[in-house]
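Participant: I'll drop the sequence and a predicted model, then ask my questions.
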Amino acid sequence: MLFLVRMDVKVPTHLSAAEFDAIKAREKTYAEQLQREGAWRHLWRVVGEYANYSVFDVPSNDELHRLLSGLPLFPFMTVHVTPLAKHPSAIQ
Ligand SMILES: O=C(O)C[C@H]1C=CC(=O)O1
């Protein structure tokens with residue numbers, strides 16, 4: 001199952017820069033691992049925003065929720081999920 005996910009990050013004001021950098025480093029490791037495993041198919045920065053559009057390929061809504069809620073930055077994010085279906089005119 002494919003899902004388009006938009007993640008908007010709000011930088012926390014109650015953490016030091018070093019604390020936030022440590023969370024971002026864990027986030028990078030987590031995101032890279034999911035990409036290697038194939039669950040996180042695309043990851044694109046939204047130009048000019050601390051946000052991304054991503055495509056996930058996972059077997060269920062529950063699995064997507066598990067992966068998203070495991071993001072180290074999850075407590076600082078707003079996440080919007082759009083389930084995707086095959087377009088009848090798509091050639092691939
Ligand atoms: O930077 C972001 O958009 C937030 C998040 C998503 C992947 C990652 O490494 O950080």
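Facilitator: Looks like it came in fine.

Participant: starting at the chain centroid, how far to the helix ranked longest in the chain?
Facilitator: For the chain, the helix with the greatest residue count under DSSP state H is helix 17-37. Taking CA atoms, centre = their mean, to the nearest Å, the mean C-alpha location of helix 17-37 is offset from the chain mean by 11 Å.

Participant: Return the distance of F76 relative to L84.
Facilitator: 26 Å (CB to CB, to the nearest Å). (Glycine included, C-beta is placed from N, CA and C.)

Participant: Look at those two and report which has more neighbours.
Facilitator: Taking other CB atoms under 10 Å, F76 and L84 do not tie; F76 has more neighbours (19 against 12).

Participant: re earlier: pull the residues that contact the longest helix of the chain.
Facilitator: 11-12, 15, 40-41, 43, 67, 70-73, 76 (CB atoms under 8 Å, 6 or more residues apart in numbering).

Participant: Could you confirm whether any residue of that helix contacts the ligand?
Facilitator: Yes: residues of helix 17-37 are located near the ligand by CB under 6 Å from any ligand atom, namely 27-28, 31.

Participant: Okay, now the sheet partners of whichever helix or strand comes after that helix, with direction.
Facilitator: Next along the chain after helix 17-37, taking DSSP states H and E as the criterion, comes strand 40-45. Each strand paired with strand 40-45, and its direction, by DSSP bridges: strand 51-57 (antiparallel).

Participant: near the ligand at all, the partner strand?
Facilitator: Yes: using CB under 6 Å from any ligand atom, strand 51-57 reaches the ligand at N52.

Participant: Relative to the whole chain's centre, how far out is that strand?
Facilitator: 5 Å.

Participant: and that strand, C-alpha only, in CSV?
Facilitator: Extracted as CSV, the C-alpha positions of strand 51-57 are listed here (Å, rounded to 0.1, in the frame of the first residue of the first chain):
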residue,chain,number,x,y,z
ALA,A,51,8.8,20.0,5.6
ASN,A,52,9.0,17.0,3.4
TYR,A,53,6.8,15.0,1.1
SER,A,54,7.4,11.3,1.3
VAL,A,55,6.1,8.1,-0.2
PHE,A,56,5.8,5.1,2.0
ASP,A,57,5.2,1.5,0.8
